[in-house]
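> Need the 3D shape of this:
(one chain, ligands or ions: 1)
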Amino acid sequence: MERRKNRRKNGDEEDASSVDSIRIIRSPSSPMSPEKKGKAYGGSNFFLASKGAMLLVVGIMIGYVAVPMALVELNVKDIHNRSSYGNDGAPRMRSLQSDEDSIQTRVAEDQKLLSTQSLPTITSPQIMHTPILSDHRRKKIVVTGGAGFVGSHLVDKLMMEGHEVTVLDNFFTGQKKNIAHWLQHPNFSLVVHDVTEPIQLEVQEIYHLACPASPPHYQFNPVKTIKTSTMGTLNMLGLAKRVGAKILLTSTSEIYGDPQVHPQKEDYWGNVNTVGPRSCYDEGKRVAETMMYSYKNQNHVDIRVARIFNTFGPRMHPNDGRVVSNFIIQSLQNKPITIYGEGEQTRSFQFVDDLVNGLHALMNGPYDGPVNLGNPDEYLVRDFAVLIKKLTNSASEIQKLEQTKDDPSRRKPDISLAKEKLGWSPKVKVEDGLQKTIAYFQGVLDQAGEIIPTGPGASKPQN
Ligand SMILES: O=C(O)[C@H]1O[C@H](OP(=O)(O)OP(=O)(O)OC[C@H]2O[C@@H](n3ccc(=O)[nH]c3=O)[C@H](O)[C@@H]2O)[C@H](O)[C@@H](O)[C@@H]1O
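Numbering: from 1, shown residues only. As a prediction, this is how the structure comes out:
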């Protein structure tokens with residue numbers, strides 16, 4: 001500063017390389033003598049002036065272009081560095097663009113994976129794989145009651161074959177957790193729907209299972225049970241007729257009532273009380289069968305009818321109230337095992353996997369008469385209580401309660417027709433199936449803490 005002051009004082013402005021000289025040339029308003037102007041713009045001073053001008057341009061370039069560019073560059077590097085490393089110093093994605101690219105790649109990979117398998121859930125921890133079928137082989141299939149115990153296992157089989165499956169369920173006894181492992185799969189659709197209402201769908205096959213099947217559940221609201229079997233079946237038959245779909249009805253061994261023929265063959269007409277506590281279900285299914293054959297004969301609908309005998313397995317509703325779930329839940333909690341009556345009545349139990357294979361064989365075969373699907377392995381109910389107590393190492397006492405009204409005294413399927421027409425017979429031994437079911441209910445119990453078994457009276461299913 002001192003030097004500059006001295007220069008000004010001495011009129012020493014020639015050094016155009018000095019910062020002051022540049023300032024003087026840039027500023028025409030600066031007070032300048034004509035002599036000085038001549039020095040600045042003319043003659044040998046012109047060189048000095050143009051050198052100064054060049055320096056001015058360079059200065060402007062530095063000030064207005066290079067510095068901002070350098071700052072921008074520095075800033076970009078800073079952003080880049082900040083996104084390259086996290087707080088812990090670990091390297092991050094290289095840039096926002098590559099961030100987006102890699103997220104999209106990951107989403108695409110995840111979607112691809114999820115379209116080829118189930119998602120493990122607490123209810124269905126095992127991963128099930130789904131093949132990709134060509135369009136002409138992939139069928140559109142509806143399963144009514146597909147979130148229920150049997151329905152959900154059937155859905156698994158159809159999904160694992162690579163078909164497009166639509167579940168219709170009103171969740172009266174069905175549970176979302178039974179099908180939660182498929183919700184993300186593009187071949188799977190869930191429609192919360194009550195079959196007593198009509199529905200329009202494009203479909204090639206209908207497995208019509210929707211109906212509460214446990215006596216306490218179907219007796220809870222008998223009018224609704226009748227509507228489900230009658231109006232529900234009518235609606236599904238109407239749909240099948242409209243779109244030309246094949247339809248399978250899951251009927252029941254209950255259509256034989258309290259049978260006077262043993263074991264029961266398909267040509268036995270049954271012994272049913274039309275006005276008893278079980279009639280809403282028994283007669284509902286009987287008229288549903290009648291509707292099936294009327295639509296076949298009158299409208300050429302392609303039909304199948306399965307008469308299902310007592311079935312058990314994982315995903316049974318814990319408050320189902322049926323003998324298998326009740327005895328297991330009671331035994332696992334060391335609560336009294338409740339036998340209705342003397343336990344002299346008999347039942348024959350099949351594991352759910354066998355039933356699903358039977359339903360599938362029936363739907364895919366040509367035979368359209370009613371077919372029994374069950375395991376002829378017959379037990380006295382009191383012996384069955386002892387077996388479950390043993391398999392669960394339970395300390396439960398066995399308690400006898402009053403016999404329920406119209407309880408069938410003996411039941412055992414004759415499955416010679418299923419063997420002959422479908423090439424089907426049950427493969428799972430009752431004890432093996434029970435072990436799997438006990439393990440399932442143990443898991444449910446661990447989650448719930450306690451389960452109060454459903455008694456013989458009518459009750460609404462609780463989750
Ligand atoms: O499990 C099935 O798939 C069948 O269940 C029921 O038929 P049901 O034979 O009466 O079934 P349960 O309620 O399991 O009863 C079986 C026997 O065990 C007895 N039971 C049931 C529950 C219980 O806690 N204690 C007990 O002794 C019943 O009185 C009956 O004699 C349905 O009505 C059928 O449609 C269905 O096919």
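
> In contact with Ile415, which residues are there?
Taking Cβ atoms under 8 Å, 6 or more residues apart in numbering, we find Ile415 in contact with 372-374, 376, 424-426. Every C-beta, even on glycine, is put in place using the N, C-alpha and C of the backbone.

> If we use 10 Å, what do you get?
Listed by Cβ atoms under 10 Å, 6 or more residues apart in numbering, the contact set of Ile415 reads 263, 265-266, 309, 348, 350, 358, 371-376, 422, 424-426.

> give me phi/psi at it?
phi -110, psi 20 (degrees, to the nearest 10).

> Then Lys227?
Note on Lys227: its backbone torsions stand at phi -60, psi -40 [degrees, to the nearest 10].

> Contact residues of the stretch 201-350 of the chain facing the ligand?
By Cβ under 6 Å from any ligand atom, the residues of the stretch 201-350 of the chain that approach the ligand are 213, 215, 252-254, 281, 308, 310-311, 322-323, 326, 338-340, 345, 347.

> Now with 5 Å, please.
Contact residues, the stretch 201-350 of the chain versus the ligand (Cβ under 5 Å from any ligand atom): 213, 215, 252, 254, 310-311, 322-323, 326, 338-340, 345, 347.

> What residues sit buried inside stretch 396-406?
Residues of stretch 396-406 classed as buried: 396, 403-404, 406 (neighbour count, 16 or more other Cβ atoms under 10 Å).

> So which of those residues belong to helices?
Per DSSP state H, helices hold no members of those.

> if we take those, which one ends up nearest to the ligand?
Set against the ligand, the nearest of the buried residues of stretch 396-406 by Cβ to the nearest ligand atom is Thr404 (5.1 Å).

> check contacts around the closest one.
Here Thr404 is in contact with 215-216, 219, 277-278, 340-341, 345, 456-457 (Cβ under 10 Å, 6+ apart).

> Tally up the residues packed near Met291, please.
Around Met291 there are 19 other residues, counting by other Cβ atoms under 10 Å.

> now the strands for the stretch 151-300 of the chain?
Here the stretch 151-300 of the chain has its strands, by DSSP state E, counting those that start in this stretch, at 164-169, 188-192, 205-208, 246-252.

> and those strands as TSV, adding mean pLDDT and mean neighbour count?
Converted to TSV, those look like this (pLDDT from 0 to 100; neighbours: other Cβ atoms under 10 Å):
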stretch	mean pLDDT	mean neighbour count
strand 164-169	98	26
strand 188-192	98	16
strand 205-208	98	26
strand 246-252	98	24
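
> thinking again about what came up before, from the residues of the stretch 201-350 of the chain next to the ligand, pick the one nearest Leu332.
Minimum distance to Leu332 across these is 11.1 Å, recorded for Asn326 (Cβ to Cβ).

> if I read this right, the closest one contacts Leu332, doesn't it?
No. Using Cβ atoms under 10 Å, Asn326 is not in contact with Leu332; the gap is 11.1 Å.

> so what sits against both of the two?
Among the neighbours of Asn326, those also in contact with Leu332 (Cβ under 10 Å, 6+ apart) are 388, 451.

> More neighbours: which of the two?
Taking other Cβ under 10 Å, Asn326 and Leu332 do not tie; Asn326 has more neighbours (27 against 20).

> Contacts only, for Met391.
Residue 391: Leu, not Met. Counted by Cβ under 10 Å, 6+ apart, Leu391 has contacts 327-328, 331, 431, 434-435, 437-438.

> name the element the residue of the stretch 1-150 of the chain found nearest the ligand belongs to?
In the stretch 1-150 of the chain, no residue comes nearer to the ligand than Val150, which is 8.3 Å away by Cβ to the nearest ligand atom. Using DSSP states H and E, Val150 maps to helix 149-160.

> What is that helix packed up against?
The helices and strands touching helix 149-160, judged by 3 or more Cβ pairs under 10 Å, 6 or more residues apart in numbering; DSSP states H and E, are strand 140-144, strand 164-169, strand 188-192, strand 205-208, strand 246-252, strand 311-312, helix 352-364.

> how far is it from where the chain is centred?
Mean-position distance between helix 149-160 and its chain equals 12 Å (Cα atoms, centre = their mean, to the nearest Å).

> can you tell me the average pLDDT over it?
Across helix 149-160, the average pLDDT comes to 98.

> got the buried residues for that helix?
Quick answer for helix 149-160 (16+ other Cβ under 10 Å): 149-159.

> His181: which of those residues is nearest?
Nearest member of the buried residues of helix 149-160 to His181, counting by Cβ to Cβ, is Asp156, at 8.4 Å.

> residue contacts, that closest one?
118, 124, 126, 128, 130, 165, 178-179, 181-182, 315, 353, 356.

> The residues you listed, buried ones only, as a ChimeraX selection?
What follows is the ChimeraX syntax for the buried subset of the contacts of Asp156, where burial is set by 16+ other Cβ under 10 Å:
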select :118,124,128,130,165,178,179,181,182,315,353,356
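
> Show me which of the contacts of Asp156 is closest to Gln298.
Taking Cβ to Cβ as the measure, Gln298 lies nearest Val165 of the contacts of Asp156, at 29.2 Å.
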